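[1] With the sequence up front, the predicted model follows.
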Number of protein chains: 2
Amino acid sequence: MTCDYIVTISREFGSGGREIGNALAKALGVKCYDRELISLAAKESGVSPEVFDDVDEKATNSLLYSLSMGMYSFGNSFSGDQLPVNDKLYLLQHKIIKKLADEGSCVIVGRCADYVLKDRKNVLRLFIYADKDYRIKRVIETKGVKEHKAEQVISKTDKSRANYYNFYSGKKWGQPENYDLCINRTRLSDEQVVDIVKAYLKL
Amino acid sequence: MTCDYIVTISREFGSGGREIGNALAKALGVKCYDRELISLAAKESGVSPEVFDDVDEKATNSLLYSLSMGMYSFGNSFSGDQLPVNDKLYLLQHKIIKKLADEGSCVIVGRCADYVLKDRKNVLRLFIYADKDYRIKRVIETKGVKEHKAEQVISKTDKSRANYYNFYSGKKWGQPENYDLCINRTRLSDEQVVDIVKAYLKL
């Protein structure tokens, strides 16, 4: 099976977007990049992955907050090293996403990849979401979140992802107009979602 | 091919949702209801289809406006006949949509059908949309709208559809959470959209 598309996946927290990304990559015979983008950014910059991990998919905090959290800059040149860590990670991931897209078909989860690749024609931009009850059940079962905290964690993570997306893209996360296909996966297995995407790609 | 689903289609103006509804109904071997719902409502109530045509998919205007436009009520009983024509049509279509769903699989375009059938499990709620440029081109070519008016007509019609949906459902038109599948049809033929829906329905 050949696929000439880069598939980007935006996803609500607890909707299983990452697992769908993996299943899709497997079905298409390509690689899926999710947290791997942190390792690649760390490798490229020489910064510890743990530092990036803390700010991954989070929009820049205020300067004061960044300073107080020790998140502000490393290095002392004027070559971009004085940026907050969030911005630094965004720019590195931006560069890496473009490079991966140049290299050929792949699946990229999160990190504004749809926006980063907005000028390319061979990009399928997916938004994966699910009903609230489905997501609550899922984060309890698969992420070890306590029942009474689940709704709060979901809401907080989605808000953080939305802020990140809105901040860097200037668009609104989760609005259909930013995507080619928005799939409510509540009633679907990962495999069914893959079949729907394959129908889009005519595979 | 058998289909145990009622497919409801919400659609942006100029996205070709009606044509997709027809193509889908044909592929599934079922009937598609769009403007037919006006005729059915007219038949059921004895009101002229032209009267309903004016208020179709429009939310209730203010009482004063309704009175000034002669749109307020007909008959003089307390059995619902004193409602504004918009509300009367909504209630009639609501009843007809439920009856059609009871009778078996079909495709229903617009008229808050996803909301009307919200308590049923065998409903696939679609939202069909497209990029602005695609829609402008389409309304010029297929609806005879003048080029300089196209954007305005699209924006006005979408606003009217959104008001209608939001008013009667209490939800927000075009938000993914109200639908099972949102398809940006800009790069797709009607047939490709049908194939994607068939993949959802496992057909």
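    Structure received. Numbering: from 1, shown residues only, chains lettered A, B, ... in the order given.

[2] residues touching residue A:114, list them.
    Contact partners of residue A:114, counting by CB atoms under 8 Å, 6 or more residues apart in numbering or on different chains, are A:8, A:10, A:123, A:125, A:178, A:179. Placement of C-beta: from N, CA and C, glycine included.

[3] Would you reformat those as a markdown table and include neighbour count, secondary structure and pLDDT?
    As requested, these are exported to a markdown table (neighbours: other CB atoms under 10 Å in any protein chain shown; DSSP: H, G, I helix; E, B strand; the rest coil; pLDDT from 0 to 100):
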| residue | neighbour count | secondary structure | pLDDT |
| --- | --- | --- | --- |
| A:8 | 29 | strand | 97 |
| A:10 | 26 | strand | 96 |
| A:123 | 18 | strand | 96 |
| A:125 | 20 | strand | 97 |
| A:178 | 20 | helix | 96 |
| A:179 | 23 | coil | 96 |
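
[4] Closest one of those to chain B?
    Nearest to chain B among the contacts of residue A:114 is residue A:179, at 6.6 Å by CB to the nearest CB.

[5] the strands in chain A, which residues?
    A:6-11, A:31-33, A:106-109, A:123-129, A:181-184 (DSSP state E).

[6] Chain B: which of the ones you listed is closest?
    It is, among the strands of chain A and with distance given as CB to the nearest CB, strand A:181-184, at 3.7 Å.

[7] how distant is the lengthiest helix in chain A from the center of its chain?
    Counting by DSSP state H, the longest helix found in chain A is helix A:147-169. Mean C-alpha position of helix A:147-169 versus that of the full chain (CA atoms, centre = their mean, to the nearest Å) differs by 12 Å.

[8] Establish whether that helix and chain B are in contact.
    No - counting by CB under 8 Å from any CB of the partner chain, chain B has no neighbours in helix A:147-169; the shortest distance is 11.6 Å.

[9] got it, and stretch A:196-203?
    Yes - Stretch A:196-203 lies within reach of chain B by CB under 8 Å from any CB, at A:196, A:198, A:199, A:200, A:202.

[10] Okay, the fourth one and residue A:23: tell me how far apart.
    When distances are taken as CB to CB, to the nearest Å, residue A:200 and residue A:23 turn out to be 15 Å apart.

[11] repeat for the first one
    When distances are taken as CB to CB, residue A:196 and residue A:23 turn out to be 12 Å apart.

[12] Can you give the contact residues for stretch A:15-24?
    Applying CB under 8 Å, 6+ apart, the external contacts of stretch A:15-24 come out as A:7, A:9-11, A:32, A:34, A:107-110, A:128-130, A:134-135, A:138, A:185, A:190-191, A:193-194, A:197.

[13] make that stretch A:90-108, sorry
    Contacts of stretch A:90-108 (CB under 8 Å, 6+ apart): A:3-9, A:21-22, A:24-25, A:28, A:30-34, A:37, A:40-41, A:44-45, A:80, A:83, A:111-113, A:116-117, A:120, A:123, A:168.

[14] In ChimeraX, how would I select the buried members of these?
    Selecting only the buried entries of those in ChimeraX, with 16 or more other CB atoms under 10 Å in any protein chain shown as the criterion:
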select /A:3,5,6,7,8,9,21,22,24,25,28,30,31,32,33,34,37,40,41,45,83,111,112,113,116,117,123,168
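
[15] Leaving out sequence neighbours, find the closest residue to the residue positioned nearest the centre of chain A.
    Nearest to the geometric centre of chain A sits residue A:110, at 1.0 Å (CA atoms, centre = their mean). Excluding the flanking residues, the one nearest residue A:110 by CB to CB, 6 or more residues apart in numbering or on different chains is residue A:57, at 5.7 Å.

[16] Local confidence estimate at that neighbour?
    Per-residue pLDDT puts residue A:57 at 80.

[17] got it, and the one 3 residues further on?
    You'll see residue A:60 listed with a pLDDT of 70.
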